[in-house]
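**Q** Here is my input; please provide its structure:
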Amino acid sequence: MEIWAIFVLALVALSNLSVAVVGYLGANGSLRRNKLVGIRTDLTLANDKAWYVAHSAGGPAITIGAVAGLLAMILPIAVIGLSEIGVIVAAILAVALLLIGLAIGGTQGHR
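**A** Just a heads-up that it's a prediction; the model follows:
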């Protein structure tokens, strides 16, 4: 396997894992209000109650999207192999599921 493939897979996997952890921490109330990670809107940053309510609502969808992206990376690699197309399909699928989870969770949290 070429070095670029390892880099792409590692970068996508670490991104999904990081978002999954933040989503989980937000969902269970462990993520404190901050300006770096989480559902950051004017409303959620206004006070702690809004922050925790938003993350309680949106955190599960964010976590599910990120974990689904991680798991989805396995399928193209298992079917196609660690070829160029297999790595590209795995990365696209993982990022797409991550973005879907972020969009749904962010929307739920903002509401």
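
**Q** Mind exporting the C-alpha coordinates of the host helix or strand of residue 79 to CSV?
**A** With secondary structure defined by DSSP states H and E, residue 79 is part of helix 74-80. Taking C-alpha atoms only, helix 74-80 is exported to CSV below (Å, rounded to 0.1, in the frame of the first residue of the first chain):
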residue,chain,number,x,y,z
ILE,A,74,-14.3,-1.3,6.3
LEU,A,75,-16.8,-2.3,3.6
PRO,A,76,-15.1,-0.9,0.5
ILE,A,77,-11.7,-2.0,1.6
ALA,A,78,-13.1,-5.5,2.3
VAL,A,79,-14.8,-5.7,-1.1
ILE,A,80,-12.5,-3.8,-3.3
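
**Q** which is the next helix or strand following it?
**A** Scanning forward in sequence from helix 74-80, with DSSP H and E defining helices and strands, the next element found is helix 84-110.

**Q** what comes up buried for that following helix?
**A** Of all the residues in helix 84-110, those buried under the rule 16 or more other Cβ atoms under 10 Å are 86-87, 89-91, 93-95, 97-98, 101-102, 104-106, 108-109. Placement of C-beta: from N, CA and C, glycine included.

**Q** do the same with stretch 24-39
**A** In stretch 24-39, residues buried by neighbour count (16+ other Cβ under 10 Å) are 24-27, 31, 33, 38-39.

**Q** Identify the farthest-apart pair in those.
**A** Distances among the buried residues of stretch 24-39 were taken as Cβ to Cβ; the most separated pair is 24 and 33, at 16.8 Å.
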